[in-house]
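Asks: This is the structure alone, sequence omitted:
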């Protein structure tokens, strides 16, 4: 695979999600008004609130389309396929594209668009999904909606905004709530949506080589969730994996449980290979490749599932059974 | 193919070309024989048959150009852009605004002209807007999702649109806003009408084509493409539908009971390079087709002979058009290469 050569020319796309009132638009305005010397195209669905000089703003209606490829949970954003395709034909080359989704949007169709459409794949790359949450109102949003948890589950970075409106102890509690849903996301605390732009854009969170970069070292936690709550589970396998066994297991798992598995990420040690194999999936759509050699003696394979109705013993047994005997 | 003759022979001996620096979105000829190329930088580049070596530039759009067609009056061109404007460009390079749609993109265009009427149809978000040649809006109808393709029938009586979950068929003159809905699940990305007006075909996100026989609503599924079909074009007699998206020109037979149960004819294959754009000849059973590596060929459908027009190397071919009399061919590439080739007898 010539990934390293090809990906350098791909325009990075950042997806910005978050509940209404969390501070998404304020943060976007801050990003765009900063003197960063870069040119962005911003795809939004409500025109008018942005004050933009140098950048291009595209007004769209989110169009979530089902794919007829036999995969029931495979949906894409049809409007993005058209818009990104057209932006790539403009003479002006953009340093990045930012897609703001509506407050109630599920990020899965946006993410899947970058895996499914060949034209989009050949010109752009999904850089990161950033979810803005409101430190004061997040517990209430998690209680009264499913979208708030889904947006956190899909996030590579969670901006914990409005921390000035809560006590440090409350902020810690909210952060623990986020961790319970998504163990691999980076969490950035912010007041009044003030975040350093460099920490948000060009993260390469969907690069296979950085798949598990933000995985904390603690792997165990209590699963005190209800069945339909979204949680993270991670597993380790000390012995090398048999690639055939792993492919058969993960293929079957994603086919059976893909709707419940929002994101899956793993770094794997294959028997007889000195390179790390990186794996990621959004629902049923999976992607994987070798990403360079292992460093040091420890070649523990690790995998993280973020989703609903996760059966810990079953997943553990399945993953461990992929090891060579 | 003669080994001593360069694949650029036709381009070198019968062509006029220029290298611009933006993606060629579309090209067209007006009835005076002027060729126009719409580019991703918002410009329209004009090349007149009378003065083939000189090119005129029109700064048509403040942003990117998204669609271009000949103006139905027979003189000049009409284009849509991401500036929300519908612009007329005259053969001398002067521009005038026909309509403005604010922040919505004008992404799709189709035109129709006969002795009685001049029609411009444009896709603006979910709307199909029908205008006369001067830009007066005759009709504006809404779809459940964005319009991704527009095609008039050969008589200009009906106009078909593609969108999510199917196509819609509107009567141009009807006061009613109820279209005939042609339903098929999935995302339809382009549309073509056959010359007899009894078949409509769409291209789909899933690398396939879908068709409807209008007399009885019979569905047709044409699949097997390795990538999306960007161009579909019926031959003048309606016998063949030529399509891009495979490593050859794929021609579906619309005769002898086809395309149902028939295999397509494939021409100019063998190089493992995708056919990226094509246009059928306006009178003959022939198709001009471009490939992802920049190769441009003319294929005779009946004897399967392939005439190279331009060699690979100038970027993927993204636009192809014939003049109405079939004597001239225009094509453009993603790197901004634009060419007009004269096929008239000498």
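Replies: On my side now, so go ahead. Owing to the predicted nature of the structure, the values given are computational and were not obtained by experimental measurement. Numbering: from 1, shown residues only, chains lettered A, B, ... in the order given.

Asks: Give me every residue in chain A lying close to chain B.
Replies: By the rule CB under 8 Å from any CB of the partner chain, the part of chain A lying against chain B is A:47, A:56, A:58-59, A:61, A:63, A:65-69, A:76, A:78-79, A:81-82, A:86-87, A:89-91, A:117-119. Yep, even glycine has a C-beta here, placed from its N, CA and C like the rest.

Asks: PyMOL command for the buried members of those?
Replies: Buried subset of the residues of chain A next to chain B, written as a PyMOL selection, criterion 16 or more other CB atoms under 10 Å in any protein chain shown:
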select buried, chain A and resi 56+58+59+63+65+66+67+68+76+78+79+81+82+86+87+89+90+91+117
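
Asks: Confirm residue A:318 sits in a helix?
Replies: Yes - with DSSP: H, G, I helix; E, B strand; the rest coil as the criterion, residue A:318 is part of a helix.

Asks: from memory it sits against residue A:248, does it?
Replies: No - checked against CB atoms under 8 Å, the pair residue A:318 and residue A:248 is beyond contact range at 10.3 Å.

Asks: out of those two, which sits in the more crowded spot?
Replies: residue A:318 (18 against 12; other CB atoms under 10 Å in any protein chain shown).

Asks: For that one, give its distance to chain B.
Replies: Residue A:318 sits 31 Å away from chain B, taking CB to the nearest CB, to the nearest Å as the criterion.

Asks: Nearest spatial neighbour of that residue, chain-adjacent residues omitted?
Replies: residue A:249 (5.3 Å; CB to CB, 6 or more residues apart in numbering or on different chains).

Asks: three-state assignment of that neighbour?
Replies: helix.

Asks: show me where the stretch 201-346 of chain B has strands.
Replies: Listed in chain order, the strands of the stretch 201-346 of chain B (DSSP state E, counting those that start in this stretch) span B:208-213, B:218-222, B:232-234, B:240-243, B:249-253, B:265-267, B:275-280, B:286-291, B:296-300, B:306-310, B:317-322, B:328-333, B:337-342.

Asks: Just put the ones you listed in JSON lines and tack on distance to chain A, mean neighbour count and mean pLDDT.
Replies: Compiled in JSON lines, these are given as follows (distance: least, CB to the nearest CB, whole Å; neighbours: other CB atoms under 10 Å in any protein chain shown; pLDDT from 0 to 100):
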{"stretch": "strand B:208-213", "distance to chain A": "9", "mean neighbour count": "22", "mean pLDDT": "96"}
{"stretch": "strand B:218-222", "distance to chain A": "10", "mean neighbour count": "15", "mean pLDDT": "94"}
{"stretch": "strand B:232-234", "distance to chain A": "17", "mean neighbour count": "22", "mean pLDDT": "98"}
{"stretch": "strand B:240-243", "distance to chain A": "16", "mean neighbour count": "27", "mean pLDDT": "98"}
{"stretch": "strand B:249-253", "distance to chain A": "17", "mean neighbour count": "23", "mean pLDDT": "97"}
{"stretch": "strand B:265-267", "distance to chain A": "20", "mean neighbour count": "17", "mean pLDDT": "96"}
{"stretch": "strand B:275-280", "distance to chain A": "11", "mean neighbour count": "27", "mean pLDDT": "98"}
{"stretch": "strand B:286-291", "distance to chain A": "16", "mean neighbour count": "26", "mean pLDDT": "98"}
{"stretch": "strand B:296-300", "distance to chain A": "19", "mean neighbour count": "22", "mean pLDDT": "97"}
{"stretch": "strand B:306-310", "distance to chain A": "21", "mean neighbour count": "20", "mean pLDDT": "96"}
{"stretch": "strand B:317-322", "distance to chain A": "8", "mean neighbour count": "26", "mean pLDDT": "98"}
{"stretch": "strand B:328-333", "distance to chain A": "12", "mean neighbour count": "27", "mean pLDDT": "98"}
{"stretch": "strand B:337-342", "distance to chain A": "14", "mean neighbour count": "23", "mean pLDDT": "97"}
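
Asks: now the ones you listed as a markdown table including distance to residue B:146?
Replies: Below are the strands of the stretch 201-346 of chain B laid out as a markdown table (distance: least, CB to CB, whole Å):
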| stretch | distance to residue B:146 |
| --- | --- |
| strand B:208-213 | 18 |
| strand B:218-222 | 23 |
| strand B:232-234 | 19 |
| strand B:240-243 | 22 |
| strand B:249-253 | 26 |
| strand B:265-267 | 32 |
| strand B:275-280 | 22 |
| strand B:286-291 | 27 |
| strand B:296-300 | 31 |
| strand B:306-310 | 34 |
| strand B:317-322 | 21 |
| strand B:328-333 | 25 |
| strand B:337-342 | 29 |
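
Asks: Residue B:69: which of those is closest?
Replies: Smallest distance to residue B:69 across the strands of the stretch 201-346 of chain B (CB to CB): 9.4 Å, for strand B:317-322.

Asks: still on that earlier bit, among the residues of chain A next to chain B, which ones are in helices?
Replies: Here DSSP state H is the test, and the residues of chain A next to chain B give A:78, A:79, A:81, A:82, A:86, A:87, A:118, A:119 as lying in helices.
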